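[1] Quick one, what's the 3D model for this:
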Amino acid sequence: MVKKLHKMSGDKKTGSQLSGAVKESAQQIWLAGLGAFSKAQEEGGKVFEALVKEGLSIQRKTQSVAEEKISEATSKMSHMATDIQSRAGYQWDKLENIFEERVAKALNKLGVPSAKDVDALVARVDELNKNVQTMNGKAPAAKTAAKTTVKPAAKKASSPAAKPAAAKRPAARKSA
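    Residues are numbered from 1 along each chain as shown. Here you go, the predicted structure:
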């Protein structure tokens, strides 16, 4: 195109021919621009789709890495929370034991019996009740049957000796 203009200017042709050549060049430039635009549109769509696919791939990779990091952080925090909870529980138990020991010492100094002392007294009272019932003849059936067979023989043998002792007791009371 530049050669055409150069040839025209070398021939010294008129201005109308020059303006026709400029028009023709402008027309060719315009058409080349439209062709480039059309090609860019065609290629642009393909490039755009390729960029979308690449972006989607990068997004998936990023999400995967982010999920891994979140999972690791969650695991670490969970482990730390469990560790802290067990330490706090241990400290709380230790504090509770110290408190209980001090309260027990204070109550002991005041003369208040402990739970062990009360349990021992209850067991002793139960044992004494059993002994009293046994002495009064309210023993369990097996013990009562054994004593009834022994008592009649003992009463017959000891009854003459028991009468003089019984007679002496009222006399002793009168003199006193």
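[2] next one: the helix or strand Lys130 falls within to chain centre, how far?
    Following DSSP states H and E, one finds Lys130 within helix 115-135. Relative to its chain's centre, helix 115-135 lies at 47 Å (C-alpha atoms, centre = their mean, to the nearest Å).
[3] same check, this time on stretch 26-45
    Relative to the chain's own centre, stretch 26-45 is displaced by 67 Å; criterion: C-alpha atoms, centre = their mean.
[4] for stretch 52-66, same thing?
    Centroid separation for stretch 52-66 versus its chain: 35 Å, with C-alpha atoms, centre = their mean.
[5] Please apply the same query to stretch 25-38.
    From the chain centre to the centre of stretch 25-38 is a distance of 73 Å (C-alpha atoms, centre = their mean).
[6] now the angle between helix 115-135 and the helix or strand harbouring Glu49, please.
    Glu49 belongs to helix 15-109 when assigned by DSSP H and E. Between helix 15-109 and helix 115-135, the angle comes out at 40 degrees (axes from the mean of the first three to the mean of the last three C-alpha atoms, to 10 degrees).
[7] Which elements pack onto helix 15-109?
    Using 3 or more C-beta pairs under 8 Å, 6 or more residues apart in numbering; DSSP states H and E, the elements in contact with helix 15-109 are helix 2-11. Backbone N, C-alpha and C define where each C-beta goes, glycine included.
[8] as a whole number, average confidence for the helix it packs on?
    Throughout helix 2-11, pLDDT has a mean value of 52.
[9] Then stretch 51-61?
    91.
[10] hey, C-alpha coordinates of that stretch in PDB?
    Only the C-alpha atoms of stretch 51-61 are listed here, as PDB (Å, rounded to 0.1, in the frame of the first residue of the first chain):
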ATOM      1  CA  LEU A  51      -9.000 -19.000  31.600                       C
ATOM      2  CA  VAL A  52     -12.200 -20.100  33.300                       C
ATOM      3  CA  LYS A  53     -11.000 -23.700  33.300                       C
ATOM      4  CA  GLU A  54      -7.700 -22.700  34.700                       C
ATOM      5  CA  GLY A  55      -9.300 -20.500  37.300                       C
ATOM      6  CA  LEU A  56     -11.600 -23.300  38.400                       C
ATOM      7  CA  SER A  57      -8.600 -25.700  38.700                       C
ATOM      8  CA  ILE A  58      -6.800 -23.100  40.800                       C
ATOM      9  CA  GLN A  59      -9.800 -22.600  43.000                       C
ATOM     10  CA  ARG A  60     -10.200 -26.300  43.600                       C
ATOM     11  CA  LYS A  61      -6.500 -26.600  44.600                       C
END
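[11] Cheers, nothing more for now.
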